[in-house]
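below is the structure, and that's it, no one-letter string:
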């Protein structure tokens with residue numbers, strides 16, 4: 001079967017669901033991954049024939065059902081690194097890359113800091129935040145925590161893939177007993193989290209392919225207690241952040257003011273709310289100063 005004919009099938013089958021450019025992007029992501037055929041290679045040789053087209057035709061069927069291309073391929077890129085993903089973990093988002101960037105920029109501005117930086121990522125999922133930080137800060141000691149055994153399996157695989165050492169911890173941050181997490185003397189320079197923050201009532205604003213495929217455990221919180229995870233992490237951080245240690249969150253775009261108030265109530269200082277590339281309140285930073 002000619003690859004050019006399969007590309008036509010993609011448009012015939014998917015034009016009613018996706019934009020033309022998006023369909024072409026999907027098609028060439030698949031041809032490069034499955035057959036090592038780039039857009040340029042097909043343009044130069046439009047008569048390329050596939051002996052076994054069932055892989056890409058199977059992917060076409062999944063795209064018709066609006067399964068995310070990242071789950072179909074089983075991988076995605078984040079902060080210039082490759083990550084394995086499946087439906088046990090969220091697909092890393094560009095906004096989260098901005099959070100990683102912010103952490104790294106803040107660290108580079110504090111030249112007096114020891115190279116022995118200690119970092120904890122709470123709710124690590126695929127491990128994208130922890131692994132990206134470990135890659136950029138090779139002298140740092142990075143810990144990553146998640147309640148999901150299946151998510152941790154993916155994160156451990158991604159740490160090995162990207163050749164970084166991270167200490168992974170299976171734990172529910174909502175459990176107030178945290179003593180067993182790390183050694184009693186361990187305190188962190190940085191705690192970062194991208195916890196569940198989408199209120200159930202906001203489901204109607206979300207794309208159907210996200211609702212139908214990505215893990216709800218990592219997405220949703222009850223409408224009546226949307227800051228549940230942030231409160232627990234603030235509580236933990238007051239005891240486990242060093243003096244002048246920094247706390248970073250990715251947040252719900254509609255709850256920026258609520259997050260500022262929450263951090264003030266926990267006596268964090270130098271609170272800074274930051275917008276993402278889409279001009280939405282998406283991340284917040286605070287400093288632990290004991291008075």
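It's in. All values derive from a computational prediction rather than experimental measurement.

sort out which residues of stretch 214-224 are buried, please.
By 16 or more other CB atoms under 10 Å, the buried positions in stretch 214-224 come out as 214-215, 218-221. Placement of C-beta: from N, CA and C, glycine included.

to clarify, my last question referred to stretch 243-261.
Buried residues in stretch 243-261, defined by neighbour count with 16+ other CB under 10 Å: 245-252, 255-256, 259-260.

for stretch 164-179, same thing?
For stretch 164-179, the neighbour count (16+ other CB under 10 Å) marks 164, 166, 168-169, 173, 178 as buried.

nearest to residue 33 among the buried residues of stretch 243-261?
Closest approach to residue 33 among the buried residues of stretch 243-261 (CB to CB): residue 250, at 28.4 Å.

for that closest one, give me its contacts.
Shown in contact with residue 250 (CB atoms under 8 Å, 6 or more residues apart in numbering): 95-96, 99, 193-194, 197, 282-283.

tell me which of the residues you listed is nearest to residue 160?
Of all the contacts of residue 250, residue 96 has the smallest distance to residue 160: 21.0 Å, by CB to CB.

so that closest one, which of the three states?
What DSSP: H, G, I helix; E, B strand; the rest coil gives for residue 96 is helix.

so how far is residue 48 from it?
Per CB to CB, to the nearest Å, residue 96 is found 37 Å from residue 48.

and what of residue 30?
Computed as CB to CB, the residue 30 to residue 48 distance reads 14 Å.

look at these two and report which has more neighbours.
residue 30 (22 against 15; other CB atoms under 10 Å).

so who does that one touch?
Contacts of residue 30 (CB under 8 Å, 6+ apart): 55-56, 59, 69, 72-73.

could you redo the last one with a cut-off of 6 Å?
Contact analysis of residue 30 by CB atoms under 6 Å, 6 or more residues apart in numbering lists 56, 59.

do a quick rundown of the helices in the stretch 151-291 of the chain.
Along the stretch 151-291 of the chain, the segments classed as helices by DSSP state H, counting those that start in this stretch run 208-213, 228-240, 256-265.
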